[in-house]
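Colleague: Need a 3D model of the following:
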Amino acid sequence: MIPADNVDRAKHFYRTLLGWKIEPTRNPMEPSKMAAMQYHDIITGAAKEGMMNTGGLYRRHRTESILTFVEVEDMDRVLSKVEMLGGRITMQKEEIRGVGLTAVIQDPEGNVIGLWKPEML
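Modeller: Residues are numbered from 1 along each chain as shown. Just a heads-up that it's a prediction; the model follows:
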């Protein structure tokens with residue numbers, strides 16, 4: 001779940017940066033509540049065994065924050081677009097033996113997101 005002060009800005013950031021599909025939710029929750037939350041479903045791609053491939057984006061109501069990691073195919077390509085899209089790189093790309101490449105970014109909404117490219121075995 002990703003909170004955002006400006007849902008449209010956040011949708012643009014994640015669609016452009018990571019290629020995520022983001023659309024209004026089809027959740028059966030009361031429609032007026034969903035509209036007030038500006039809740040959107042995030043589809044990140046085909047499901048991999050043991051991993052989630054979905055989430056949500058919604059209008060921030062409090063001071064909630066998150067830290068989650070997303071898998072990327074090309075770390076350099078993703079990092080090259082972060083600042084152009086209004087985000088910030090808070091931890092440069094680093095290799096962790098046995099894990100892969102990691103980096104941490106902050107989106108335009110102030111959320112901290114980890115990036116991970118698995119080590120190729």
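
Colleague: in the strand or helix carrying Asp8, what counts as buried?
Modeller: Asp8 is part of helix 7-18, with elements assigned from DSSP states H and E. Residues of helix 7-18 classed as buried by neighbour count (16 or more other CB atoms under 10 Å): 7, 10-11, 13-14, 17-18. In this view, the C-beta of every residue, glycine as well, is placed from N, C-alpha and C.

Colleague: What does Gly110 show for phi and psi?
Modeller: phi 90, psi 0 (degrees, to the nearest 10).

Colleague: That one: neighbouring residues, count only.
Modeller: For Gly110, the count of nearby residues is 13 (other CB atoms under 10 Å).

Colleague: Starting from Arg26, give me the distance back to it.
Modeller: Distance of Gly110 to Arg26, given as CB to CB, to the nearest Å: 28 Å.

Colleague: Following the chain past the lowest-mean-pLDDT helix or strand in the chain, name the next helix or strand.
Modeller: Counting by mean pLDDT, DSSP states H and E, the chain has its least confident helix or strand at helix 31-37, which shows a mean of 61. Reading on from helix 31-37 to the C-terminus, the next helix or strand found by DSSP H and E is strand 40-43.

Colleague: Nothing else from me, thank you.
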